[in-house]
Structures are given as C-alpha cells and as structure tokens.
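Undergrad: Next come a sequence and a model predicted from it.
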Amino acid sequence: MKTLDFARKRLDEEEAAYQHGNENSLSDLKYWAAYIDGARALKNEFVLDAGATKQEIVSAITTLEIMATNLVGAMAPLEESDPETAVLSDRIAAIDLSQKVLRQVLEVMKS
C-alpha cells in the first residue's frame with residue numbers, strides 16, 4: 001500500500017469514527033487531512049523537478065557512453081596482458097554499472 005493510500009484509509013477511518021460520535025477522532029482527522037495535503041504538495045514539487053532531473057540523467061548516460069567508447073578505443077591497441085588493459089576494462093565496467101543505475105533511476109521516476 002502506498003503512503004498516500006494508507007493516509008487516505010486512515011483519514012476515512014477517523015472520519016467514520018467521528019461521524020459515529022467519537023469526539024477524540026477529531027484531532028486524528030485533522031492530522032491525516034494535513035498529512036495528505038503535505039504529501040500532495042511534496043509530490044507536486046517532485047513532479048516539477050523531475051523533468052529537469054530526467055534530462056540531466058539522460059545527458060549523463062550519453063556522456064558515460066562516450067567515455068566508455070573512448071576507453072575501448074584506448075584499449076584496442078594494447079595487448080591483453082598489458083596491465084593498462086585491466087585498468088581500462090575496470091573503468092569500462094564501472095561506467096556500464098553507472099549507466100545501469102541511472103537507467104533504473106529513470107524507471108523509478110516513471111512510476
């Protein structure tokens with residue numbers, strides 16, 4: 001259950017309790033209403049900021065791809081036994097992992 005869904009459920013429960021004469025539910029009713037308002041405001045801020053952040057992430061993925069291509073080019077003339085080959089290979093692996101993580105962040109931002 002998502003946070004807002006849980007908060008709405010609690011708000012409905014407290015509203016029902018208040019309508020059935022439980023005066024103590026009024027403060028909880030006010031709390032959950034304020035909680036939902038705050039959560040919606042935060043969600044709206046995130047959605048507005050997400051567009052720019054998505055563009056920055058896409059740009060970073062592209063830059064990392066160029067870096068990896070350059071490293072592959074630098075590695076091409078080297079012998080497999082050259083110690084520099086292992087270093088470049090590790091850097092390429094780190095770039096690949098970074099790109100994977102950034103793509104996962106984009107997927108999370110879609111939902």
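TA: That came in fine, so what should we check first? Numbers count the residues shown, from 1 in each chain.
Undergrad: so how far is the one helix or strand Tyr31 maps to from its chain's centroid?
TA: For Tyr31, the element it lies in under DSSP states H and E is helix 25-75. A distance of 5 Å separates the centroid of the chain from that of helix 25-75, by C-alpha atoms, centre = their mean, to the nearest Å.
Undergrad: Excluding chain neighbours, what is closest to Leu106?
TA: Once flanking residues are discounted, Leu106 sits nearest to Ile57: 5.8 Å by C-beta to C-beta, 6 or more residues apart in numbering. For glycine as for every other residue, the C-beta is placed from the backbone atoms N, C-alpha and C.
Undergrad: my read: that neighbour touches Val105, true?
TA: Yes. Contact criterion C-beta atoms under 8 Å: Ile57 and Val105 qualify, at 6.2 Å.
Undergrad: where does this protein have its least confident helix or strand?
TA: helix 25-75 (a mean of 89; mean pLDDT, DSSP states H and E).
Undergrad: Specify the local secondary structure of Glu79.
TA: coil (DSSP: H, G, I helix; E, B strand; the rest coil).
Undergrad: Need phi/psi at it.
TA: Dihedral pair for Glu79: phi -70, psi 150, per degrees, to the nearest 10.
Undergrad: wait, doesn't it sit right on Ala86?
TA: No. With contacts counted by C-beta under 8 Å, Glu79 stays clear of Ala86, the gap being 11.3 Å.
Undergrad: These two: who's more crowded?
TA: Ala86 (13 against 8; other C-beta atoms under 10 Å).
Undergrad: Mind telling me what element the more buried one is part of?
TA: Secondary structure (DSSP H and E) places Ala86 in helix 83-110.
Undergrad: Check Gly21 too.
TA: Per DSSP H and E, there is no helix or strand for Gly21.
Undergrad: how far away is it from Leu78?
TA: 81 Å (C-beta to C-beta, to the nearest Å).
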